[in-house]
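# Structure for the following, please:
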Amino acid sequence: GQEYSITGTSHLLGMCRGACAEVDSDTEAVAGKGFKLGCISCKRRSEVEGSATVDWFFRSKGQKDFEHIYNYDEEGSIKSFQFEDRLDWFGSRQSNDIQDASIFLTNVTFNDSGTYRCRVNRLLTYEFYEYQTKIFKEVNLTVVGKATRGTASIVSEVMMYVAIIGLQVWLLIEMIYCYRKISAAGEEALREAALLSINPVTKYNQPGITSNVLGLDK
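As a prediction, the model looks like this:
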């Protein structure tokens, strides 16, 4: 039933149970737009009762220390003048057993670039004792002037074009194959027609057909 502190943004899919899945936050925001700072910490033992509070910290580029910017304990509270009226809770609701501790940042500015640290303070209640743990996640955020295309989007588009080209090549091969078959059948029909025009009796010289059919024995 013990949990472990987690620092960084490593993928943890498969370590979670139930409907909870720990995934990395996006790391690129567009100036003037909104951005979700993702922080998911799945409880390992779903049958154990638990409760949690959340704190977010921010360190801009060039700064040494983190600044406390947000706290959530049944309701959200902004702690930093820089983010006043721009942070809102975007995580688990109607439950003290918080697993999604994400927040939403509105009207992103270039000054918002930096490292964000999420701390989930979880209390697990067992039959005879309580266990408290802290889980840390970090998001290294870069603010850009306009959205850039991610690697996954580029790869997906390239694969789409490869599939389209492959389909066109396959259709071309099929067309050539069908054209050759039709052409060969047409040439065979022309040869038969030419042969019959020279000797119309030929078509009757087949097994089981006698010359009586044409009245040639009279």
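
# So for the longest strand along the chain, what gets flagged as buried?
Longest strand in the chain by number of residues (criterion: DSSP state E): strand 130-144. In terms of neighbour count (16 or more other Cβ atoms under 10 Å), strand 130-144 has its buried residues at Thr133, Ile135, Phe136, Lys137, Glu138, Val139, Leu141, Val143. In short, each C-beta sits where N, CA and C put it, glycine included.

# could those residues go into TSV alongside pLDDT and distance to Phe66?
What follows is the buried residues of strand 130-144, written out as TSV (pLDDT from 0 to 100; distance: Cβ to Cβ, whole Å):
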residue	pLDDT	distance to Phe66
Thr133	90	20
Ile135	91	16
Phe136	94	11
Lys137	93	13
Glu138	94	10
Val139	94	12
Leu141	94	14
Val143	93	18
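
# which of those residues lies closest to Val23?
Closest approach between these and Val23, by Cβ to Cβ: Lys137, at 10.7 Å.

# Give the bridge partners for the closest one, please.
Beta-bridge partners of Lys137, counted by DSSP bridges, are Cys118.

# I'd guessed Lys61 sits against Ser113; true?
Yes. Contact criterion Cβ atoms under 8 Å: Lys61 and Ser113 qualify, at 6.0 Å.

# thinking again about what came up before, which one of the buried residues of strand 130-144 is nearest Arg119?
So of the buried residues of strand 130-144, ranked by how close each gets to Arg119 (Cβ to Cβ), first place is Phe136, at 5.5 Å.

# Quick check: which ranges of this protein have low pLDDT?
Scanning the chain for pLDDT under 70 picks out the ranges 1-19, 149-157, 199-218.

# which residue ranges form the helices in it?
151-198 (DSSP state H).

# per-domain residue ranges of it.
When the chain is parsed with automatic domain parsing, its domains come out as 28-147, 153-201.

# Return the most buried member of these.
For the domains of the chain, average neighbour numbers computed from mean count of other Cβ atoms under 10 Å are highest in domain 28-147, which has a mean of 16.

# Distance of Leu193 relative to Lys181?
That one is not Leu; residue 193 is Ala. 19 Å (Cβ to Cβ, to the nearest Å).
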